[in-house]
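1. Predicted structure and sequence below. I'll ask about it afterward.
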Amino acid sequence: MKAMVFAAGLGTRLRPLTNDRPKALVEVGGKTMLERVITHLADCGVTDITVNIHHFGEKIIEFLEEKKNFGLDIHISDERDLLLDTGGGLMKARKFLDGDEPFIVHNADILTDLDLKAMYDFHVEHDALSTILVKDRQTQRYFLFDHDHRLKGWINKKTGETKPEGYQYDPQKVDSLAFGCVHVLSPRIFDALEKYSEAKGKVFSIAPFYAEMCDSYKIYGYQQFSDYKWLDVGKPETLAQAEEMFK
């Protein structure tokens, strides 16, 4: 299996820790977040990983060289000249991910023991363009799914904004779930993203694509109902929680 790890973020909320390193190389319980994500992917059967870089990208290259790529095939998608966001980052890495099999996409600052192979199998079973991890947690922005887990829209419950354009939110017909920043994607998504980027430019996020294009493509939400750990380690308070989690 293949995977991509988004490791190009600036990590502004974790300053001063990220003043001299990328967020992906901040340590949690004695190991960098990047190492924890890569080894979890490997444990779930991934053998080929693409890592995108921007902020202190050379340090990620050096780290992977020191670790001998953890015995995996690891590719670098270099965004040091221009940070492309998640959608643009995927397009930049297309040459490593394209082919005839789905691949996993995982943020470097998401630490979880989710059964990624089960999520991958769900994606294949539903022949989806994209399968996105979702959780029942408090936030302002939610993806909206019908009772067959298919994405129907998106809402910001603080402002009332909805997508796609003209979508009418009916809480009786959909489940409101928060994005967990892990996806399984079909390589078919590249052609769809290429069309989307013609209007948006080469720097764009994947989440609005899902929200705006869900009527045109099969996009599913995946929930693992058994207990599992999940933490977005993007700010000091969640970093402290992660340290406790990995003690």
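-> Structure received.
2. Setting aside sequence neighbours, what's the nearest residue to Val26?
-> Leaving aside its chain neighbours, Val26 sits nearest to Leu17 (5.3 Å; criterion: CB to CB, 6 or more residues apart in numbering). From N, CA and C alone the C-beta is placed, and that goes for glycine too.
3. list the contacts for Gln223?
-> Shown in contact with Gln223 (CB atoms under 8 Å, 6 or more residues apart in numbering): Leu133, Val134, Lys135, Asp136, His149, Leu177.
4. got a markdown table for those, with pLDDT, neighbour count and secondary structure too?
-> Formatted as a markdown table, the contacts of Gln223 follow (pLDDT from 0 to 100; neighbours: other CB atoms under 10 Å; DSSP: H, G, I helix; E, B strand; the rest coil):
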| residue | pLDDT | neighbour count | secondary structure |
| --- | --- | --- | --- |
| Leu133 | 97 | 23 | strand |
| Val134 | 96 | 23 | strand |
| Lys135 | 91 | 15 | strand |
| Asp136 | 89 | 11 | coil |
| His149 | 96 | 18 | coil |
| Leu177 | 97 | 22 | strand |
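5. can you tell me which of the residues you listed lies nearest to Val184?
-> Nearest to Val184 out of those is Leu133 (CB to CB; 8.7 Å).
6. Chain neighbours aside, what residue packs nearest to that closest one?
-> Leaving aside its chain neighbours, Leu133 sits nearest to Gly180 (3.4 Å; criterion: CB to CB, 6+ apart).
7. ok, that neighbour touching Asp136?
-> No - in this structure Gly180 lies outside contact range of Asp136 using CB atoms under 8 Å: 10.5 Å.
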